[in-house]
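this one's structure only:
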């Protein structure tokens, strides 16, 4: 399978609201986590709430030792930091390593690994910016420059089979209508998105920022 060593990709995204809106001091919020899992394979399920979550003001930092969710998805050491800056803005920083999932292997798919990953965001007076980085990826291919919501698939075993997984890199989620907030996921794996023997989602590196309301 495709492999890229060292830092293979980095990206930054921006979400804003009209310039007439401004954040009041100490109203910005942010949250982060190393990842989360909610998948079903046949009759078996594996679930983990956000791992090592942090939240501005209430849980400013967190960390995790290596953790296995179910029997086939692993996260290594990771840290999260959610900071209120002196000017009232918020910043979130997530750093993790040694993510691995072999959940697709039983269907003839690859083992997906990410040696290192980062996700983060910062609020401004009228919006938020987010960023992510991935390093040493295997099991899927990654472009050097990742646009927001770049999507690739793990194909089925035959030409007419549905994809085993859809992988979204630099996933950017913003509300409608826009309010300046955003969620940045470094990696989002969707199992058998068109239906099949497994379903659910695996998140790797997640950061949320909102300029106008605490989270």
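Cool, got the structure. This one's a predicted model, so the numbers in the text were calculated from it and none came from an experiment.

CA atoms for contacts and neighbours, from now on please.
OK.

in this structure, what secondary structure element scores lowest on mean pLDDT?
strand 3-16 (a mean of 50; mean pLDDT, DSSP states H and E).

Following that one in sequence, what is the next regular element?
Per DSSP states H and E, the first helix or strand lying C-terminal to strand 3-16 is strand 29-41.

Look up how far residue 93 lies from the spatially most central residue of the chain.
With distances taken as Cα atoms, centre = their mean, residue 185 lies nearest the centre of the chain, 2.5 Å away. Going from residue 185 to residue 93 by Cα to Cα, to the nearest Å gives 12 Å.

anything in contact with each of the two?
119, 207 (Cα atoms under 8 Å, 6 or more residues apart in numbering).

Need the residues that contact stretch 197-207.
Residues contacting stretch 197-207 (Cα under 8 Å, 6+ apart): 30-42, 92-96, 99, 117-121, 130, 183-193.

again with stretch 47-62
By Cα under 8 Å, 6+ apart, stretch 47-62 touches 29-39, 63-64, 69-70, 78-84, 90, 214-215.

ok, 7 Å please
With contacts defined as Cα atoms under 7 Å, 6 or more residues apart in numbering, stretch 47-62 is touched by 29-39, 63-64, 69, 79-84.

chain center to it, what's the gap?
The chain centre lies 14 Å from the centre of stretch 47-62; the measure is Cα atoms, centre = their mean, to the nearest Å.

Identify each buried residue in stretch 77-86, please.
Counting neighbours by 16 or more other Cα atoms under 10 Å, one finds that the buried residues in stretch 77-86 are 77-84.

from those, which single one is nearest residue 166?
Checking those against residue 166 with Cα to Cα, the nearest one is residue 78 at 24.5 Å.

nearest residue to that closest one other than its sequence neighbours?
Counting by Cα to Cα, 6 or more residues apart in numbering, residue 78 lies nearest to residue 96, which is 4.1 Å off, once chain neighbours are set aside.

what's the answer for residue 156, then?
In space, and not counting its chain neighbours, residue 156 is closest to residue 163: 4.6 Å by Cα to Cα, 6+ apart.

Checking the one you found next. Helix, strand or coil?
Under DSSP: H, G, I helix; E, B strand; the rest coil, residue 163 falls in the coil class.

What about it, how many residues nearby?
For residue 163, the count of nearby residues is 20 (other Cα atoms under 10 Å).

and residue 147, helix, strand or coil?
coil.

For it, grab phi and psi.
When quoted as degrees, to the nearest 10, the phi and psi of residue 147 stand at phi -70, psi 170.
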